[in-house]
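Asks: One predicted model, sequence on top.
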Amino acid sequence: MYNQLYPSSSQDLVTRYAPLVKRIAHHLLARLPSSVLVEDLIQAGMIGLIEASRKYDASKGASFETYAGIRIRGAIIDEVRKGDWSPRSVHRNARRVSEVIQQIESTYGRDAKDYEVAAELGVSLDEYYAMLQDSSSTRLFSYEEITEQEEDGPGVQIAGDSESPEAEHQRDAFAGALAKAIELLPERERLVLSLYYDEELNLKEIGAVLGVSESRVSQIHSQAAARLRAKLSGWQLQV
């Protein structure tokens with residue numbers, strides 16, 4: 001049956017890169033509650049790998065591993081979002097944090113300080129950090145999360161036919177805007193994202209590099225996500 005569904009070249013790619021699915025699934029699992037089963041993530045990731053093996057075009061320059069990694073992560077993230085477990089209050093708080101960061105940075109033309117965000121939210125610094133921790137522990141964050149289908153977020157702008165030239169152009173434009181936004185993050189937040197997504201270190205390992213606790217790394221990670229959402233809130237006006 002399998003041989004009938006996939007050509008031999010596609011089957012060879014799936015077989016060869018199946019370990020990549022397991023590695024990515026376990027890496028992402030560290031960001032999720034204990035109720036999430038790694039087997040479910042692997043299953044979703046395998047679907048992403050199969051899609052990648054069908055659609056990969058070597059003429060576009062990217063290696064198959066890079067292309068497949070994006071497809072695998074995307075498939076896993078989609079699966080996780082189908083069973084979104086986070087309370088509405090967590091989503092509201094995450095959006096509110098992003099709005100406040102955008103407001104402060106637009107007013108002062110610099111990165112918002114933690115105590116400024118907390119003051120604007122009307123909470124203590126410890127309460128603000130707890131909000132970040134809640135967001136980190138209940139939602140999977142990836143660069144792709146910035147494009148989530150929610151209200152007027154950038155994701156609405158790049159929804160639709162994923163194979164159309166227009167959609168491809170919009171994805172490329174958004175990727176460029178995201179890269180620029182990441183470059184503008186505070187150094188420590190850029191480093192945490194790089195160590196987590198590029199170097200694939202876990203939170204404990206990143207904490208050892210930075211000399212801070214694992215929970216503090218989680219807070220920095222969530223704050224980086226909020227800051228990116230704030231910086232990209234007007235993306236649709238720039239493309």
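Replies: Right, received. Where do you want to start? Residues are numbered from 1 along each chain as shown.

Asks: what residues does the helix or strand hosting Tyr67 touch?
Replies: For Tyr67, the host element (DSSP states H and E) is helix 64-82. The set of residues external to helix 64-82 that reach it, using C-beta atoms under 8 Å, 6 or more residues apart in numbering, is 13, 17, 20-21, 24-25, 28, 32, 36, 40-41, 43-45, 47-49, 51-53, 55-56, 58, 140, 142, 144-145, 148. All C-beta spots, glycine's among them, are computed from the backbone N, C-alpha and C.

Asks: Any buried residues in that helix, and which?
Replies: By neighbour count with 16 or more other C-beta atoms under 10 Å, helix 64-82 contains the buried residues 64, 67-69, 71-77, 79-80.

Asks: Closest to Ser233 out of those residues?
Replies: Ile77 (20.5 Å; C-beta to C-beta).

Asks: mind checking how far the closest one is from Ala230?
Replies: Going from Ile77 to Ala230 by C-beta to C-beta, to the nearest Å gives 21 Å.

Asks: Just the pLDDT for Arg190.
Replies: As predicted, Arg190 sits at a pLDDT of 91.

Asks: Nearest residue to it in space, please, no chain neighbours.
Replies: Nearest residue to Arg190 in three dimensions, chain neighbours excluded: Ile182, at 6.4 Å (C-beta to C-beta, 6 or more residues apart in numbering).

Asks: and that neighbour, how many neighbours?
Replies: When counting by other C-beta atoms under 10 Å, one arrives at 18 neighbours for Ile182.

Asks: again with Arg216
Replies: Count around Arg216 with other C-beta under 10 Å applied: 18.

Asks: Setting the sequence-adjacent residues aside, check what's closest to it.
Replies: Nearest residue to Arg216 in three dimensions, chain neighbours excluded: Gly207, at 6.9 Å (C-beta to C-beta, 6+ apart).

Asks: wouldn't Glu200 be in contact with His27 here?
Replies: Yes - counting by C-beta atoms under 8 Å, Glu200 does reach His27; the two are 5.6 Å apart.

Asks: In terms of packing, which of these two has more residues around it?
Replies: Under the neighbour definition other C-beta under 10 Å, Glu200 and His27 were set side by side, and His27 has more, 17 against 12.

Asks: and the helix or strand just after the helix holding Tyr67, C-alpha only, in CSV?
Replies: Using DSSP H and E, the helix or strand that directly follows helix 64-82 along the chain is helix 88-108. Output in CSV follows, covering the C-alpha atoms of helix 88-108 (Å, rounded to 0.1, in the frame of the first residue of the first chain):
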residue,chain,number,x,y,z
ARG,A,88,-9.0,32.2,27.4
SER,A,89,-7.5,34.5,30.1
VAL,A,90,-4.0,33.3,29.1
HIS,A,91,-4.7,34.3,25.5
ARG,A,92,-6.1,37.7,26.6
ASN,A,93,-3.1,38.3,28.8
ALA,A,94,-0.6,37.4,26.0
ARG,A,95,-2.3,39.8,23.6
ARG,A,96,-2.5,42.5,26.3
VAL,A,97,1.3,42.2,27.0
SER,A,98,2.0,42.6,23.3
GLU,A,99,-0.2,45.6,23.1
VAL,A,100,1.4,47.3,26.0
ILE,A,101,4.9,46.6,24.7
GLN,A,102,4.0,48.1,21.4
GLN,A,103,2.5,51.1,23.1
ILE,A,104,5.6,51.8,25.2
GLU,A,105,8.1,51.2,22.4
SER,A,106,6.1,53.4,20.0
THR,A,107,6.1,56.2,22.7
TYR,A,108,9.7,56.0,23.7
